[in-house]
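A.B. asks: Give me the fold of what follows.
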Amino acid sequence: MTIAGSDPSGGAGIQADIKTISACGCFATSAIVAVVDENTVGVTGVHPVPCDFVVGQIHSILDDIGTDAVKIGMLHSSELIRAVRRTLDGYPSLRDIVLDPVMVATSGDPLLEADAVSTLREVLLPRARVITPNIPEAELLLGERIEFQDQLPDAARQLSLLGGVSVFLKAGHMSDDALIDIFYNAETGSVLPLQSKRVDTVNTHGTGCTLSSALASFLACGYPLDEAARLAKDYINNAIIAGAAFRIGNGHGPVHHFHAFW
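C.D. replies: Next comes the predicted model:
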């Protein structure tokens, strides 16, 4: 189940999540927290869904269909973050929760109210099993700059201490030729570097949504943490490569979610 906002352009948010979950071999359900007016160029507006209606969607799915894993994306307010945490606490056996701490869109537009950053860090982050921040999001959560690749393992460990969670720290904002993400497994204390070649493309819209949904899908399939992280890295890397030549929109286009099929 994905809990996130929509994207009418189809490259990010709920739409990207459903595509990814389906491509990774799982059945996708969703709870929509906001209708977002955006395209490949930027975000024009966010229309929140009332918190009680979001809670109702989550209950409707979990009380009927159930779920093996949850991916949480954009939660724009402190009220919503607290509501989602309270709701998930009603299902204590639900362990595989992947939190993508979405704060800024690929276009640079803010997606999270300023006071919600601390609420996300203190209230929801400890409920997750894995978080998947990029560099700017990690800097906001830690309150410090991350400028060099060799800082990433320690930054991932520090992020883990915020809630005892495992951390998939994405290195896409680094300028190095090699792209080396870091997965810190809080359950084993191990650091797993995940390297790929950097792809020269503007088509990076929704990469964070896609990665976190893939990771949640592989956990739902029963893979151990490290293997789920490896598979998610492979999936997003291949989706970026396959979508690099796309010409969709005038800004940051989407990746190819169904690269394994067509």
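A.B. asks: Where does Y223 sit: helix, strand or coil?
C.D. replies: coil (DSSP: H, G, I helix; E, B strand; the rest coil).
A.B. asks: In a helix, R85, correct?
C.D. replies: Yes. With three-state DSSP as the criterion, R85 is part of a helix.
A.B. asks: Mind listing residues that contact stretch 139-150?
C.D. replies: The contact list for stretch 139-150 (C-beta atoms under 8 Å, 6 or more residues apart in numbering) reads 101, 103, 117, 120-121, 125, 133, 135, 138, 152, 155, 158-159, 162, 171, 174, 176, 180. (C-beta placed from N, C-alpha, C; glycine too.)
A.B. asks: Show me those that map onto strands.
C.D. replies: Members of these lying in strands (criterion: DSSP state E): I180.
A.B. asks: In PyMOL, how would I select the buried members of the contacts of stretch 139-150?
C.D. replies: Selection of buried members from the contacts of stretch 139-150 for PyMOL, criterion 16 or more other C-beta atoms under 10 Å:
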select buried, resi 101+103+117+120+121+125+133+135+138+152+155+158+159+171+174+180
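A.B. asks: Now, the contacts of stretch 139-150 that are in helices?
C.D. replies: Among those, the members found in helices (DSSP state H) are 117, 135, 138, 152, 155, 158-159.
A.B. asks: of all those residues, which comes closest to S9?
C.D. replies: I135 (24.0 Å; C-beta to C-beta).
A.B. asks: and the gap between the closest residue to that closest one other than its chain neighbours and H259?
C.D. replies: Distances taken as C-beta to C-beta, 6 or more residues apart in numbering put H173 closest to I135, at 3.9 Å, once the chain neighbours are dropped. Taking C-beta to C-beta, to the nearest Å as the measure, H173 falls 23 Å from H259.
A.B. asks: So between those two, which is more surrounded?
C.D. replies: Using other C-beta atoms under 10 Å as the criterion, H173 and H259 rank with H259 on top: 15 against 12.
A.B. asks: What is the neighbour count of R247?
C.D. replies: Neighbour count of R247, defined by other C-beta under 10 Å: 8.
A.B. asks: ok, and it, which helix or strand is that part of?
C.D. replies: Under the criterion of DSSP states H and E, R247 resides outside all helices and strands.
A.B. asks: My read is that it contacts G253, right?
C.D. replies: Yes. At 7.1 Å, R247 counts as touching G253 under the criterion of C-beta atoms under 8 Å.
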